[in-house]
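**Q** give me a 3D structure for the following:
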Amino acid sequence: MRTKIVAGNWKMNKNLEETEALLSELSAKLPNTHAEVIVAPTYVNLALAQRNLQASSIKVAAQNMHFAENGAYTGEISADMLLNIHVDTVILGHSERRAYFGEDDELLAKKVNTALDKDMTIIFCFGEELEERKSGNHFSVVESQLKNALFHLDASAWKNIVLAYEPVWAIGTGETASPEQAQEMHAFIRKTISEAYNTEVADEVSILYGGSVKPGNAADIFGKPDVDGGLIGGASLKADDFIAIIKAI
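**A** Model (predicted):
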């Protein structure tokens, strides 16, 4: 059975005191759930989050990492640095990393390889821009992103991969893909993986939806058969909203 996951990507938000307060509130209000709950604070608060959540079932993830083990990469963080503070899950390929920092499929494949070499869990993000959706190229764009960054892997590597489909046009725009649009793309993703590998790999990988999930639409989106949870942005910064989304799954 596929793992249900609700992951909160905090992006560049929350200072130390705000992080402590939100983690405390989430821990206190966390409902009994079969879903895996993950939060991804900013780098400078990862160690704090890991310490503060030791008694909680909430896991901590990093928002990014470099492909190199060490070296002259000013401002970057390595896999070993994350593992040293017991963070073994990392988000790679987020649309903002692609758009603002020029991360392409070739670079992301290197990051994926490094994370897997270190036995980390990867939340791999991908998805189409608005013009690609409007032109009808959204399926080919998604297929290309998956193939270029992930399809060089052995089937055994997929046990460490969680997919997060991000319709970029539905992030921070007020637009949201309908539950039917989300299901259509998630089913396509699973079919694409099945054709590249086999149905077992495709059926076992968790595919999250990452496009402006909120308490009001979470249950409808999560109710679709190929949607296994969500990568939550803005709504993960408010404890009550994030808790409501967790309850929806």
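
**Q** how far does the longest helix along the chain sit from the chain's center?
**A** Longest helix of the chain, by residue count under DSSP state H: helix 179-196. Distance of helix 179-196 from the chain centroid (C-alpha atoms, centre = their mean, to the nearest Å) equals 17 Å.

**Q** so which elements touch that helix?
**A** In this structure, helix 179-196 packs against helix 138-150, strand 161-165, helix 199-204, strand 207-209, helix 218-222, with contacts taken as 3 or more C-beta pairs under 8 Å, 6 or more residues apart in numbering; DSSP states H and E. C-betas here are computed from N, CA, C, even on glycine.

**Q** next, the angle strand 161-165 makes with it.
**A** Here the directions of helix 179-196 and strand 161-165 differ by 140 degrees (axes from the mean of the first three to the mean of the last three C-alpha atoms, to 10 degrees).

**Q** quick one: buried residues of helix 179-196?
**A** 179, 181-186, 188-190, 192-193, 196 (16 or more other C-beta atoms under 10 Å).

**Q** give me the low-pLDDT residue ranges for the protein?
**A** Residue ranges of the chain with pLDDT under 70: 172-176.

**Q** next, name the residue at the spatial heart of it.
**A** Ile123 (4.1 Å; C-alpha atoms, centre = their mean).

**Q** picking up where we left off before, turn the buried residues of helix 179-196 into CSV, columns for distance to Ser135.
**A** Output for the buried residues of helix 179-196, formatted as CSV (distance: C-beta to C-beta, whole Å):
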residue, distance to Ser135
Pro179, 23
Gln181, 16
Ala182, 20
Gln183, 21
Glu184, 17
Met185, 15
His186, 21
Phe188, 17
Ile189, 19
Arg190, 24
Thr192, 19
Ile193, 24
Ala196, 24
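
**Q** rewinding a little: which other helices and strands contact the helix or strand harbouring the residue nearest to the centre of the chain?
**A** Per DSSP states H and E: Ile123 is located in strand 121-126. Here strand 121-126 touches strand 89-92, helix 105-117, helix 138-150, strand 161-165, going by 3+ C-beta pairs under 8 Å, 6+ apart.

**Q** can you lay out those as a markdown table showing distance to Ile77?
**A** Supplementary listing: the helices and strands packed on strand 121-126 in a markdown table, determined by distance: least, C-beta to C-beta, whole Å:
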| stretch | distance to Ile77 |
| --- | --- |
| strand 89-92 | 9 |
| helix 105-117 | 11 |
| helix 138-150 | 20 |
| strand 161-165 | 20 |
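
**Q** can you classify the residue lying farthest from the centre of the chain by secondary structure?
**A** Going by C-alpha atoms, centre = their mean, the residue of the chain most distant from its centre is Ala72, 27.7 Å out. Following DSSP: H, G, I helix; E, B strand; the rest coil, Ala72 is assigned to coil.

**Q** measure it to His66 for me?
**A** Separation of Ala72 from His66 (C-beta to C-beta, to the nearest Å): 11 Å.

**Q** Leu153 against Val112, yeah?
**A** Yes - contact criterion C-beta atoms under 8 Å: Leu153 and Val112 qualify, at 7.4 Å.

**Q** who has more neighbours out of these two?
**A** Each of Leu153 and Val112 has its neighbours counted (other C-beta atoms under 10 Å); Val112 has more, 25 against 18.

**Q** for that one, give me its contacts.
**A** Going by C-beta atoms under 8 Å, 6 or more residues apart in numbering, Val112 touches Leu92, Ile122, Phe124, Ala149, Leu150, Leu153.

**Q** start to end distance for stretch 161-178?
**A** End-to-end span of stretch 161-178 (C-alpha to C-alpha, to the nearest Å): 25 Å.
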